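>>> what follows is a predicted protein model with its sequence.
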Protein chains: 2
Amino acid sequence: METSELLKQVHLFDDIEDELLQHFCKNASTRQIKKGEHICAPDDTARHFYIIKSGWVKLFRNTMDGQEAVLDVLTINSSFGETALFGKGTYSWYAEAVEDTTLLSIPTSVLKQAIEDHNTIAINMISAMASHRQRLDGEIERFMLQNAPQRVGCFLLKLVPNSAWDSDEPCPPISLPYNKSLVATRLGMTPETFSRALNALKKNTKITIKRSVVEIEDISSLSNYACQACSSFFPCKDDCEDE
Amino acid sequence: METSELLKQVHLFDDIEDELLQHFCKNASTRQIKKGEHICAPDDTARHFYIIKSGWVKLFRNTMDGQEAVLDVLTINSSFGETALFGKGTYSWYAEAVEDTTLLSIPTSVLKQAIEDHNTIAINMISAMASHRQRLDGEIERFMLQNAPQRVGCFLLKLVPNSAWDSDEPCPPISLPYNKSLVATRLGMTPETFSRALNALKKNTKITIKRSVVEIEDISSLSNYACQACSSFFPCKDDCEDE
């Protein structure tokens, strides 16, 4: 995909003048990151922000006692690092490639200047941050009130393709987007808790899991189970507004 | 406090021209809210945003099965509702006065116009949202990895006055900012879990609690206990950057 086409997929660049878009393209460079390689670390000066061209990236921190807190797992068309510009001007997490990944890297100085000179970019940035905040509010709510099987159920429901939302046809098989141990960490669970949660989910809803493929026989059975401890019902607002 | 003095305490209005500050003052009106009264509800059109002059406000949602998810509890100089402008233009939570509260209410249309016309306001907004995002990331991390007593310990450490951070003097007694049942809900705990967590905390660290007053005999005993399951140690970055 051409750089300009990729940028157009990112909310930050919605409706910006072509000249400004070309300015970002000219300043963008491609970076290949091997699986397991770090892209940046906490307290590094935020010289670049990134847009994922292909692959998967996790943002995480390490706790004092050596656990990993995975704050986000991102893929194609997602950006990260652009808000590190503000405040201390440093990243607050590690970014690591979960698999071989291609990034577009753009200097934050270019973004900063654009925000100062062009109101559209500033407003897009606020709007993107507002929808991210909505997503984080939803995440906090679920951590507060959903039990482990419900959290796993919610994670699976977010993978259901839009075409299956209102359809009478059965939902097509869903592949987990990354490996089970990362899914567990992302949901704040140990592998044992995750495994017990999956079993509880299989017992209480009509799903089956073979390796990394999930079959959801009855979406409403799963959504009734998972969404009861949440303020929005499937298909939930958090997802829709982030698209 | 005069309206302009109050606005100057809010990050959104940092370093803005006096003329623009006066424009916000002219459009601000004072609202008295009784304890327990709702200020707004999910899906209400976001016609105003608010700055707390006195009192406490909780932002919350109700889950399908009737539980309350308290997303934030705010007091003097905090603002809320200003990001609801973006996206669907509606609030995504209830705001309710936890005690008798005085608010400044400013039309979001005034803010929207100011963001479009004045770059300083747009940049302040991005910067305020970036530090809020940092705070939410910290909250998600703690929900993921801290156990209940550690989460309560973390909550108490955030109440320690700056003057006691590096002092050899014992920490002065700390009053809980609002009632225990709201603290429990805010931390995503049932009253029973909260009560057990407090007991575990008393046993493992040198704190005592009488009614709503907490005595922390040894800050490092509490921080060693609570912060081990977190990526930042007391006094933590999340707090500093939000001030």
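Sure thing, it's come through.
>>> the closest residue to residue A:37 other than its chain neighbours and residue A:57, how far apart?
In this structure, residue A:37 finds its nearest non-sequential neighbour in residue A:97, 5.3 Å apart by C-beta to C-beta, 6 or more residues apart in numbering or on different chains. Bear in mind the C-beta positions are built from the backbone N, C-alpha and C, glycine included. Separation of residue A:97 from residue A:57 (C-beta to C-beta, to the nearest Å): 6 Å.
>>> what sits in contact with each of these two?
A:33, A:39 (C-beta atoms under 8 Å, 6 or more residues apart in numbering or on different chains).
>>> got the angle for the helix or strand where residue A:120 lies vs helix B:119-145?
Secondary-structure element containing residue A:120, defined by DSSP states H and E: helix A:119-145. Inter-element angle recorded for helix A:119-145 and helix B:119-145: 20 degrees (by axes from the mean of the first three to the mean of the last three C-alpha atoms, to 10 degrees).
>>> please point out which parts of helix A:119-145 sit buried.
Using 16 or more other C-beta atoms under 10 Å in any protein chain shown as the test for burial, helix A:119-145 gives A:120-145.
>>> let me see the domain layout of chain A.
A:3-132, A:146-242 (automatic domain parsing).
>>> which stretch in these has the least confidence?
In terms of average pLDDT, domain A:146-242 trails the rest of those, at a mean of 89.
>>> so how far is that domain from its chain's centroid?
Its chain's C-alpha centre and that of domain A:146-242 lie 16 Å apart, by C-alpha atoms, centre = their mean, to the nearest Å.
>>> ditto for stretch A:83-102
For stretch A:83-102, the distance to the chain centre is 13 Å (C-alpha atoms, centre = their mean).
>>> next up, the contacts around the closest residue to residue A:108 other than its chain neighbours.
With C-beta to C-beta, 6+ apart as the criterion, residue A:108 has its nearest non-adjacent residue at 4.9 Å, and that residue is residue A:85. By C-beta under 8 Å, 6+ apart, the contact list for residue A:85 reads A:46, A:49, A:108, A:111, A:112, B:130.
>>> against chain B, how distant is the residue nearest to residue A:234 when sequence neighbours are not counted?
Here the nearest residue to residue A:234 in space, its sequence neighbours aside, is residue A:223; by C-beta to C-beta, 6+ apart that works out to 3.7 Å. Look at residue A:223 and chain B: by C-beta to the nearest C-beta, to the nearest Å, they are 10 Å apart.
>>> I'd say residue A:223 and residue A:157 touch.
Yes. Using C-beta atoms under 8 Å, residue A:223 is in contact with residue A:157, at 6.0 Å.
>>> tell me, what's touching the two both at once?
Joint contacts of residue A:223 and residue A:157 (C-beta under 8 Å, 6+ apart) are residue A:234.
>>> and for residue A:11, the neighbour number?
17 (other C-beta atoms under 10 Å in any protein chain shown).
>>> what number of residues lie near residue A:77?
Around residue A:77 there are 15 other residues, counting by other C-beta under 10 Å.
>>> give me phi/psi at the most centrally placed residue in chain A?
Chain A has residue A:74 as the residue nearest its centroid, 4.1 Å off, counting by C-alpha atoms, centre = their mean. Dihedral pair for residue A:74: phi -120, psi 150, per degrees, to the nearest 10.
>>> excluding chain neighbours, give the residue nearest to it in space.
Excluding the flanking residues, the one nearest residue A:74 by C-beta to C-beta, 6+ apart is residue A:57, at 5.0 Å.
>>> my read: the one you found touches residue A:80, true?
Yes. At 6.8 Å, residue A:57 and residue A:80 qualify as touching, with contact defined as C-beta under 8 Å.
>>> overlap in contacts of these two?
A:50, A:74, A:95.
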